[in-house]
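Q: fold the following, please.
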Amino acid sequence: MSHFYRLLILIPALGFMINCGVPKGEFGWATSKTGDLDILEKHIMIITDYKMMRDGLIFSPTDTIHYVYTFSRNPGTETEIYISLNRYELDYVEVDIKKKFAEQESNSIRDEFTGLIAGEYLLKIVHEGETVDEVKFQVLPEEGYTEDTIEQELATDEKDELIKYSR
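A: Got it, this is the predicted structure:
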């Protein structure tokens, strides 16, 4: 009988350990051109259709990039999730971080980025200092990359004048 009671105690404990932590999920993307909208239109605009994907993500600097991250199961409405946006320079450098909570009805986090300059980005979903999930995307200029636009972008981004003018 004692083995039976030990098993009854052990099963819920294992189930709790398996389900603890924040679950992974899927990224969804949409874009809009909010530059032509007035403040009220921007405020009431709701994006509902997202394309769920991870690879081959390319956006324009004029796009407002809307994303959704849908968890595979409910992470809890009180669970603090941090969204970290990193831009690649010599390594990935954090350019934005936001604290979010999952929407109770959809198990999702939604947000947007505007005014991103051309470059490679890494978006991370972080909980308690641990990366839950991440995705890379690129923002390319409307006219595409040429040798002149790359040199011009590198020169304008660099703060150190010695490095800036030695290229």
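
Q: right, and residue 95 touches residue 89 too?
A: No - using Cβ atoms under 8 Å, residue 95 makes no contact with residue 89, being 9.7 Å away. For glycine as for every other residue, the C-beta is placed from the backbone atoms N, C-alpha and C.

Q: tell me where the protein has strands.
A: 25-32, 51-52, 58-59, 64-71, 81-88, 92-100, 108-113, 119-127, 130-139 (DSSP state E).

Q: list the buried residues of the fifth one.
A: Neighbour counts over strand 81-88 (16 or more other Cβ atoms under 10 Å) mark 81-87 as buried.

Q: in the chain, where is pLDDT below threshold?
A: Within the chain, the stretches with pLDDT under 70 are 1-21, 34-38, 41-44, 144-167.

Q: and if we set it to 80?
A: Counting by pLDDT under 80, the chain has low-confidence residues at 1-22, 33-48, 77, 142-167.

Q: can you get me a residue count around residue 58?
A: The local packing of residue 58 (other Cβ atoms under 10 Å) involves 9 other residues.

Q: list the contacts of it.
A: 137-140 (Cβ atoms under 8 Å, 6 or more residues apart in numbering).

Q: re earlier: among the strands of the chain, show me which one is buried the most.
A: Burial of the strands of the chain is given as mean neighbour count (mean count of other Cβ atoms under 10 Å); strand 64-71 ranks first at a mean of 21.

Q: which other helices and strands does that one contact?
A: Counting contacts by 3 or more Cβ pairs under 8 Å, 6 or more residues apart in numbering; DSSP states H and E, strand 64-71 is packed against strand 25-32, strand 108-113.

Q: next, the angle strand 119-127 makes with it.
A: Interaxial angle, strand 64-71 versus strand 119-127 (axes from the mean of the first three to the mean of the last three Cα atoms, to 10 degrees): 30 degrees.

Q: circling back to that earlier point, would you list the strands of the chain in a markdown table and tack on distance to residue 45?
A: Shown next, in a markdown table, are the strands of the chain (distance: least, Cβ to Cβ, whole Å):
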| stretch | distance to residue 45 |
| --- | --- |
| strand 25-32 | 7 |
| strand 51-52 | 18 |
| strand 58-59 | 18 |
| strand 64-71 | 9 |
| strand 81-88 | 20 |
| strand 92-100 | 19 |
| strand 108-113 | 10 |
| strand 119-127 | 21 |
| strand 130-139 | 21 |
